[in-house]
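Enquirer: with the input below, show me the fold.
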Amino acid sequence: MALKSMREINREQIEIRGIRRKTAGIKKRGAITILTDTLFYLAIIILLLSLLTSVADDGKPNLIFGHSYYTVMSHSMRDEMPKGSLILVRQTENLKVGDSITYSRENGATVTHKIIEIIENYRHSGYRGFRTMGVNNALPDEDIVLENNVAGKVILVIPAAGDAIAFMRTHILIASAILGLCIIYYSWVRGLIKKTRQNKTAVSGMNPYPRLRYMN
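Expert: Numbers count the residues shown, from 1 in each chain. Okay, the predicted model is just below:
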């Protein structure tokens, strides 16, 4: 029975350091995978929204499970909704002062402003009236908004996503090409991660702290 030589011990330690470097590389690739997954699914969502947010024949936005989507086109709400943002609007009758609502004007224009006052049974119309104001405007809006002209309450704001969707609508071929490249890259990264996981499984049973062992 003899102790392992110092050369063999040093060789084992070098191998262990290599394994640790590989493990660190696996963790780094895991972070890359999360980032890649996020970007991939975000691209899919934006592409789907570019199709789902199309306008119906009557000029009104298509509703999806009681929700509609709009792109912010002005700076009147820029502190809360920068121009180019995508906003998600939900149909609801539960509106209060401080809510941001999207509504239609008599000329057909769609506006998103904040409620600053609610008038019950406005001018005996049977509808509530909302006095609104853009948070970056100096004065309230002149016209009172009747509740039957309200599309809903803003529940989500995604900066810049509206501009991205508008680009996809007008450049569908470029958007399709970008999506195809994303799918190819996503598949490549997935394959790479699968290989590294297999390597990790192979080395997981090794002891990172070698001890002196007796040999025959």
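
Enquirer: how about the strands of this structure, start to end?
Expert: 2-3, 67-71, 86-90, 100-104, 110-119, 129-133, 145-146, 150-158, 214-215 (DSSP state E).

Enquirer: buried stuff in the fifth one?
Expert: Which is strand 110-119. 110, 111, 112, 113, 114, 115 (16 or more other CB atoms under 10 Å). C-beta: built from backbone N, CA, C; applies to glycine.

Enquirer: in the sheet, which strands lie alongside that strand, parallel or antiparallel?
Expert: If you go by DSSP bridges, strand 110-119 pairs up with strand 100-104 (antiparallel), strand 129-133 (antiparallel).

Enquirer: need those strands in JSON lines with mean neighbour count and mean pLDDT, can you?
Expert: JSON lines is the format used below for those (neighbours: other CB atoms under 10 Å; pLDDT from 0 to 100):
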{"stretch": "strand 100-104", "mean neighbour count": "21", "mean pLDDT": "95"}
{"stretch": "strand 129-133", "mean neighbour count": "20", "mean pLDDT": "97"}
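
Enquirer: wait, which of the ones you listed is closest to residue 149?
Expert: For the strands paired with strand 110-119, proximity to residue 149 was assessed by CB to CB; strand 100-104 is nearest, at 5.0 Å.

Enquirer: export that closest one to PDB, keeping only CA atoms.
Expert: Presented in PDB, the C-alpha positions along strand 100-104 are these (Å, rounded to 0.1, in the frame of the first residue of the first chain):
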ATOM      1  CA  SER A 100     -56.300  57.400 -16.500                       C
ATOM      2  CA  ILE A 101     -59.000  56.600 -19.100                       C
ATOM      3  CA  THR A 102     -59.100  56.200 -22.800                       C
ATOM      4  CA  TYR A 103     -62.100  57.800 -24.500                       C
ATOM      5  CA  SER A 104     -63.400  58.900 -27.900                       C
END
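
Enquirer: what are the contacting residues of that strand?
Expert: The contact list for strand 100-104, computed with CB atoms under 8 Å, 6 or more residues apart in numbering, reads 68, 70, 77, 80-81, 87, 89, 95, 110-115, 130, 132, 145, 149-154.
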